[in-house]
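1. Return atomic coordinates for the entry below.
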Amino acid sequence: MGDCVLAVWTNRSAGDQRTLGTAQGVPEAVPPGLAVRRVNQLHGADVVVDTPVSGSSCESGPARAGARWPGADAIVSHDEGSCLAILTADCAAVALGSAEGVFGAVHVGWRGLVAGVVENAVGAMADLGASDVSAGLGPCIHPCCYRFEAPELDLLAGRYGQDVRTVTAREEPALDLPLAVRRALTLAGARVTVDIDRCTACGDDTFSYRARQDEQRQTLLVWLDRAAR
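-> So this is what the prediction gives:
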C-alpha cells in the first residue's frame with residue numbers, strides 16, 4: 001500500500017478497542033504523536049475529509065468535554081499527523097492509500113455498498129490529489145456464515161456480479177461480502193493489494209455480532225509512514 005501503514009486490531013484477548021480517543025484506549029500499534037481520527041458510523045455513504053485544523057474528528061489524548069464524532073462511514077486525509085480508525089465486527093474494514101500521501105479508512109456493510117460508500121471514499125481521495133489508489137481489506141464475515149436473501153441480494157448481484165450471490169455452509173442464500181467489496185473497489189478505480197482473507201464469524205480471534213452477538217469491535221488503523229516520505 002505504498003507509504004501507508006495498515007494495522008488491524010483483531011486480538012480478542014486484548015479486549016474491546018471502542019475507547020479510541022482516550023489516552024487509555026489507543027492501541028499500542030499507533031505511533032506516538034499521531035492524533036486518532038474516527039467517525040460515528042451509520043451504514044451510509046458519507047465521507048469526512050480530515051484536515052489538521054478541522055477539529056471535527058476524535059483526537060487521541062484526554063477526551064474533550066462534549067466532543068462528537070461526525071456521522072459518516074469513511075474518512076480520508078492527507079495529514080501526516082493523523083491516524084484514521086474504523087470499527088467493525090462483521091462488516092468490512094477497508095484501508096486506502098496513494099503515492100500522493102492521501103489515505104483513508106472505510107466501514108463497508110451491505111447498506112454501505114448499496115449507498116456507494118466505497119466509490120465516494122475513492123472519489124474523495126481523488127479530490128485531494130490521489131491518482132492511483134491502493135486498497136487493503138481487513139477481516140469480515142464470509143459467505144459461509146452470511147445468510148442473505150432477496151431483494152437486497154438481487155440488487156447487489158446486479159451491481160457487482162452474479163457471483164457475489166452464493167450459499168452458506170448450510171446451503172442457504174448468501175452474500176459474498178468480501179468479493180462485493182473488492183468489485184466495488186475495482187469499479188471505483190482502486191487496486192486491492194492487501195486482503196486479510198479471514199471470516200469474522202468463523203474465527204476465534206475476531207469479534208462477530210452475527211455469530212456470537214459480540215458487542216466488541218475490531219479496529220482498523222491507517223496512517224502515513226513518515227520515515228518513507
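2. so which helix or strand takes in the most centrally placed residue in the chain?
-> Residue closest to the mean C-alpha point of the chain, counted by CA atoms, centre = their mean, is residue 93 at 2.6 Å. Using DSSP states H and E, residue 93 sits within strand 92-98.
3. sorry, back to before: okay, and the beta partners of the residue nearest to the centre of the chain?
-> Counting by DSSP bridges, residue 93 forms beta bridges with residue 107.
4. I'd assumed residue 220 was in contact with it.
-> Yes - assessed by CB atoms under 8 Å, residue 93 is found in contact with residue 220 at 3.7 Å. C-beta here means a position set from N, CA and C on the backbone, and glycine is covered the same way.
5. that older thread, from residue 193, how far off is the residue nearest to the centre of the chain?
-> Separation of residue 93 from residue 193 (CB to CB, to the nearest Å): 15 Å.
6. what do you get for residue 165?
-> Using CB to CB, we find residue 165 at a distance of 26 Å from residue 193.
7. Those two: which is more packed in?
-> It is residue 165, of residue 165 and residue 193, that has more neighbours when counted by other CB atoms under 10 Å, with 21 against 14.
8. which ones are touching that one?
-> 153, 156, 157, 173, 174, 175, 176 (CB atoms under 8 Å, 6 or more residues apart in numbering).
9. follow-up on the earlier one: packing partners for the strand holding residue 93?
-> Identification of packing neighbours for strand 92-98 by 3 or more CB pairs under 8 Å, 6 or more residues apart in numbering; DSSP states H and E yields strand 4-9, strand 103-108, helix 117-127, strand 133-137, helix 177-188, strand 218-224.
10. Report the beta-bridge partner residues of the residue nearest to residue 69 when sequence neighbours are not counted.
-> Closest residue to residue 69 in three dimensions, ignoring its sequence neighbours and counting by CB to CB, 6 or more residues apart in numbering: residue 40, at 4.3 Å. Beta bridges link residue 40 to residue 71, judged by DSSP bridges.
11. what does residue 36 give?
-> residue 83.
12. And the residue nearest to residue 149 when sequence neighbours are not counted, how close does it get to residue 145?
-> If the residues on either side of it in the chain are set aside, residue 149 comes closest to residue 173, at 4.9 Å by CB to CB, 6+ apart. In this view, residue 173 and residue 145 are 13 Å apart by CB to CB.
13. Show me which of these two is the more surrounded one.
-> Neighbours per residue (other CB under 10 Å) separate residue 173 from residue 145, with residue 145 holding more: 18 against 15.
14. Verify the stated contact: that one with residue 199.
-> Yes - under the criterion of CB under 8 Å, residue 145 makes contact with residue 199 at 6.0 Å.
15. list the contacts for the residue nearest to the centre of the chain?
-> Neighbouring residues of residue 93 by CB under 8 Å, 6+ apart: 8, 86, 105, 106, 107, 108, 137, 138, 139, 140, 218, 220.
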